[in-house]
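In: Structure here, sequence nowhere to be found:
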């Protein structure tokens, strides 16, 4: 038996104040994986489980109701009417995503080697259209013939073509929910994708990460609410009962298993590495029965093979290889049972040359796939006397609590959560607190992973906590103004007297460029880079675009930007100083040490 679970998840990109997503990835994946997977399941009649994160559904509903995001608003304006900066932003954003997309448009691949500022208006329009067109998956190409026609044309697009592509995006977003009705099985994750064992008690991380300090968060009731509300949200959205659970990142513990059991879930899934640490005689081919809770454990190697390896070979051949490997696994097990695959339901197909069409079609047309509930119903469970505390990644929680940045975030969350208790639990603050409990913020803290938008995740986390305090009628914790994430771009910079005078902009040759990545609050806009130099021995000049309302601080001196330039007067004999960039709301975004040569 081959049960398959495809997990649909993106971080909650919504700004706590405006409610708009600040990054476009939910919208982008809706054009591909979020549509292709239910579409191909219905086309082939195959059985598989689709797991949904409730906060993802909130974002999809935002778009379905006509909501937007900063980049979509630009796309829905004539390109010629945009400021030069906004048009270049769209051209740069078009390049983000898997490099596989460039394979479909040779001219797109050539264009990415050129800076957006060097493109002609026609070339810039082509790049923006390519950026949108290359995100559509195979189901959209079949259901919207214009997309296939534009792909065949390759280049020379018009504003009318871009408008048509964006209109198709809107139509897909409006009707996406319909594809999730009457699927073979839908399961859920907790509402905002938290690491459940860490909500129950941070100290439980010490079971799998010995010696990790305890930041002090322990609110098991939050785990209950995230599960209960999450299941209700998914059932309402899909119109069918939810019986199973993929706990965020496959994270389990004995306490979580008991909570899930008491809430009436039929099954909960994790990883075989957790199983191996739970018993001396692991049997992943059968469900494990831990105190009345059925647990199933994914095949780590084969799941990762689908997620990361098969993208480089022919889809039909890949499906055949997978089915052969499953057969070999079952043949060599004393208790055959099943081989469970559980993996991301959207991210892998971004890297398949045909968006996964060949592989998924061959796999689902094989007639050999099942839902997880099929597995639990048909294969007798075996007793599981103990359950390891851990996740699918190294069977521990290192990523979410192992680094000092993680633990500082937990400390800030703990204090906000305690403040909520003291304030009498005002309902308006709850959503922000529970959103801050999500795993995605902690994923990007520490040094395990990197992303150019780590500052956005950091900013969103802190903005949720600040919003929670405001809803409690309290002043936000002042520590929330400073970034948690330390940027590799921050550090020491030597400045020299290189600035000249002249008309308009100063002569900026030879000055110090400093990328801003240290924790900007979650907004599109604001400076992406500072240019810093000395005009005289005691006059520091800072240049930045998109800086209206922003300020810089040097020690105790503050200067506002005027026409993109801020000037700070320094002490005559200075040798080193700290330069800090401040957002309009006072948030400290990034800081650098400047040394005098």
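Out: Great, that's in hand. All figures in this text were calculated on a predicted structure; none of them were measured in a lab.
In: pretty sure residue 186 is in a helix, no?
Out: No - when the secondary structure is assigned by DSSP: H, G, I helix; E, B strand; the rest coil, residue 186 falls in strand instead of a helix.
In: Quick check: end-to-end length of stretch 543-563?
Out: End-to-end distance of stretch 543-563: 9 Å, with CA to CA, to the nearest Å as the criterion.
In: dump the residue contacts of residue 394.
Out: With contacts defined as CB atoms under 8 Å, 6 or more residues apart in numbering, residue 394 is in contact with residue 273. Every residue, glycine included, has its C-beta placed from N, CA and C.
In: what secondary structure does it sit in?
Out: When the structure is reduced to helix, strand and coil (three-state DSSP), residue 394 reads as coil.
In: Let me see the backbone angles for it.
Out: The phi/psi pair for residue 394 (degrees, to the nearest 10) reads phi 60, psi 20.
In: And the closest residue to residue 139 other than its chain neighbours, how close does it get to residue 172?
Out: When the adjacent residues along the chain are set aside, residue 139 lies closest to residue 39, with 3.9 Å between them (CB to CB, 6 or more residues apart in numbering). Relative to residue 172, residue 39 is positioned 11 Å away (criterion: CB to CB, to the nearest Å).
In: Same drill for the two, tell me which one is more crowded.
Out: Taking neighbours as other CB atoms under 10 Å, residue 39 and residue 172 compare with residue 172 leading, 24 against 19.
In: For residue 263, list the residues it contacts.
Out: 224, 227, 228, 231.
In: Relative to residue 481, how far out is it?
Out: Between residue 263 and residue 481 the computed distance is 38 Å (CB to CB).
In: And residue 320, by the same measure?
Out: Computed with CB to CB, the distance linking residue 320 and residue 481 is 56 Å.
In: buried sites along whichever strand or helix holds residue 296?
Out: Using DSSP states H and E, residue 296 sits in strand 293-298. Buried positions in strand 293-298, judged by neighbour count with 16 or more other CB atoms under 10 Å: 293, 294, 295, 296, 297, 298.
In: Report pLDDT for the third one.
Out: Here the pLDDT value assigned to residue 295 is 98.
In: For it, which residues are in contact?
Out: The neighbours of residue 295, taking CB under 8 Å, 6+ apart as the test, are 252, 257, 267, 268, 269, 270, 275, 287, 288, 289, 384, 387.
In: mind listing what residue 274 touches?
Out: Residue 274 is in contact with 250, 252, 297, 387, 388, 390, 391, 392, 395, counting by CB under 8 Å, 6+ apart.
In: Can you tell me the closest non-neighbouring residue to residue 171?
Out: With sequence-adjacent residues excluded and distances taken as CB to CB, 6+ apart, residue 171 is closest to residue 144, at 7.9 Å.
In: So which of the contacts of residue 263 sit within helices?
Out: 224, 227, 228, 231 (DSSP state H).
In: for these, which one is nearest residue 79?
Out: Closest approach between the ones in helices among the contacts of residue 263 and residue 79, by CB to CB: residue 231, at 43.8 Å.
In: is it true that that closest one touches residue 188?
Out: Yes - taking CB atoms under 8 Å as the definition, residue 231 is a contact partner of residue 188 at 5.2 Å.
In: list residues touching both of those two?
Out: The contact sets of residue 231 and residue 188 overlap at 242, 245 (CB under 8 Å, 6+ apart).
In: Please, where are all the helices along the stretch 101-250 of the chain?
Out: With DSSP state H, counting those that start in this stretch as the definition, the stretch 101-250 of the chain shows helices at residue ranges 106-111, 121-133, 138-143, 145-153, 159-175, 196-200, 220-238.
In: Name the next helix or strand downstream of the strand holding residue 296, please.
Out: Next along the chain from strand 293-298, counting by DSSP H and E, comes helix 300-304.
In: Whichever helix or strand comes after that following helix - contacts with which helices or strands?
Out: For helix 300-304, the following helix or strand on the C-terminal side (DSSP H and E) is helix 315-331. In this structure, helix 315-331 makes packing contacts with helix 300-304, helix 357-364, judged by 3 or more CB pairs under 8 Å, 6 or more residues apart in numbering; DSSP states H and E.
In: Now do the longest one against helix 315-331, angle only.
Out: Looking back up the chat, that one is helix 357-364. Regarding helix 357-364 and helix 315-331, their directions subtend 40 degrees when assessed with axes from the mean of the first three to the mean of the last three CA atoms, to 10 degrees.
In: which other residues reach helix 357-364?
Out: With CB under 8 Å, 6+ apart as the test, helix 357-364 has contacts from 36-37, 40-41, 44, 46, 48, 137-138, 306, 310, 314-316, 318-320, 322-323, 349, 352, 369.
In: Now list the buried members of these.
Out: Among the contacts of helix 357-364, those classed as buried by neighbour count (16+ other CB under 10 Å) are 36-37, 40-41, 44, 46, 48, 137-138, 306, 310, 315, 318-319, 322-323, 349, 352, 369.
In: Contacts only, for the residue lying closest to residue 290 once chain neighbours are set aside.
Out: The spatially closest residue to residue 290, leaving aside those adjacent along the chain, is residue 384, at 4.3 Å (CB to CB, 6+ apart). If a contact means CB under 8 Å, 6+ apart, then residue 384 has 278, 279, 288, 289, 290, 295 as its contacts.
In: and what of residue 368?
Out: If a contact means CB under 8 Å, 6+ apart, then residue 368 has 2, 323, 326 as its contacts.
In: Of these, just say which sits nearest to residue 217.
Out: Within the contacts of residue 368, distances to residue 217 taken as CB to CB reach their minimum at residue 2, with 38.4 Å.
In: contacting residues around that closest one?
Out: For residue 2, the residues meeting the contact criterion (CB under 8 Å, 6+ apart) are 323, 326, 338, 339, 341, 368, 369, 370.
In: pretty sure the last one is touching residue 185, no?
Out: No - applying CB under 8 Å, one finds residue 370 not in contact with residue 185, separated by 9.2 Å.
In: give the contact list for residue 567.
Out: For residue 567, the set of contacting residues under the criterion of CB under 8 Å, 6+ apart consists of 535, 539, 540, 541, 542, 559.
In: So which bits of stretch 410-422 are buried?
Out: Judged by neighbour count (16+ other CB under 10 Å), stretch 410-422 contains these buried residues: 410, 411, 412, 413, 414, 415, 416, 417, 419, 420.
In: Narrow the residues you listed to those in helices?
Out: Members of the buried residues of stretch 410-422 lying in helices (criterion: DSSP H): 410, 411, 412, 413, 414, 415, 416, 417, 419, 420.
In: closest to residue 120 among those?
Out: Proximity of those to residue 120 (CB to CB) peaks at residue 412, which lies at 48.1 Å.
In: and the gap between that closest one and residue 67?
Out: As judged by CB to CB, residue 412 and residue 67 stand 29 Å apart.
In: tell me which element the closest residue to residue 559 other than its chain neighbours is part of?
Out: Nearest-residue entry for residue 559: residue 566, 4.2 Å, with adjacent residues in sequence omitted and distances by CB to CB, 6+ apart. Secondary structure here is read from DSSP H and E; on that basis residue 566 sits in strand 565-569.
In: May I see the buried residues of that strand?
Out: Neighbour counts using 16+ other CB under 10 Å place 566, 568 of strand 565-569 among the buried residues.
In: switch to numbering from 839
Out: Got it, first residue is 839 now, which makes that one strand 1403-1407.
In: Do you have the strands of the stretch 839-988 of the chain handy? List them.
Out: Secondary structure of the stretch 839-988 of the chain by DSSP state E, counting those that start in this stretch: the strands cover 840-846, 887-890.
In: Throw the ones you listed into JSON lines and include distance to residue 1044 and mean pLDDT, thanks.
Out: As requested, those are arranged in JSON lines below (distance: least, CB to CB, whole Å; pLDDT from 0 to 100):
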{"stretch": "strand 840-846", "distance to residue 1044": "27", "mean pLDDT": "98"}
{"stretch": "strand 887-890", "distance to residue 1044": "29", "mean pLDDT": "98"}
